[in-house]
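Colleague: predicted model and sequence below, questions to follow.
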Amino acid sequence: MNYHDQPAEAAACQPAHPVHALTTYELNGYRRELEHAIKGIATDAPVQADLRAKLAEVLAEQDERARLTGHA
């Protein structure tokens, strides 16, 4: 089962592969799932910090890929 088949909060917790191994399409989808999960729960929920850290990892990976391809 991959993150497309799970509820938003569970999906945001674990992608199908490590972030660096995701395709661009999967990375974009995982980013949307994280953003959706962050917006869908209370700002003081304990899981917020974990979700935000995962989103930061995704954003860093996207930035690195853009830098490597000269699209930054």
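Modeller: Received the coordinates, thanks.
Colleague: low pLDDT regions in the protein?
Modeller: In the predicted model, the chain carries pLDDT under 70 at residues 1-13, 72.
Colleague: now do the lengthiest helix in it: which elements does it pack against?
Modeller: Within the chain, and with DSSP state H defining each element, the longest helix by residue count is helix 47-69. Applying 3 or more Cβ pairs under 8 Å, 6 or more residues apart in numbering; DSSP states H and E, one finds that helix 47-69 makes contact with helix 8-13, helix 24-40. For glycine as for every other residue, the C-beta is placed from the backbone atoms N, C-alpha and C.
Colleague: most tightly surrounded among these?
Modeller: Highest mean neighbour count among those (mean count of other Cβ atoms under 10 Å): helix 8-13, with a mean of 18.
Colleague: could you dump the helices and strands packed on helix 47-69 to TSV with distance to residue 56?
Modeller: Conversion of the helices and strands packed on helix 47-69 to TSV gives the following (distance: least, Cβ to Cβ, whole Å):
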stretch	distance to residue 56
helix 8-13	13
helix 24-40	10
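Colleague: among the ones you listed, which comes closest to residue 59?
Modeller: Minimum separation from residue 59 across those (Cβ to Cβ) falls at helix 24-40, 7.3 Å.
Colleague: next, the angle helix 47-69 makes with the closest one.
Modeller: Angle of helix 24-40 versus helix 47-69, following axes from the mean of the first three to the mean of the last three Cα atoms, to 10 degrees, is 150 degrees.
Colleague: and residue 51, how many neighbours does it have?
Modeller: By other Cβ atoms under 10 Å, 21 other residues sit near residue 51.
Colleague: OK, contacts around it?
Modeller: Shown here is residue 51, whose contacts under the criterion Cβ atoms under 8 Å, 6 or more residues apart in numbering are 12, 34, 37-38, 41.
Colleague: just send these back as CSV, with distance to residue 57 too.
Modeller: Supplementary listing: those in CSV, determined by distance: Cβ to Cβ, whole Å:
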residue, distance to residue 57
12, 12
34, 9
37, 14
38, 13
41, 19
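Colleague: quickly check these for the two that are furthest apart.
Modeller: 34 and 41 (11.4 Å).
Colleague: tell me the buried residues in stretch 43-63?
Modeller: Neighbour-count burial for stretch 43-63, counted by 16 or more other Cβ atoms under 10 Å, picks out 51, 54-55, 58, 61-62.
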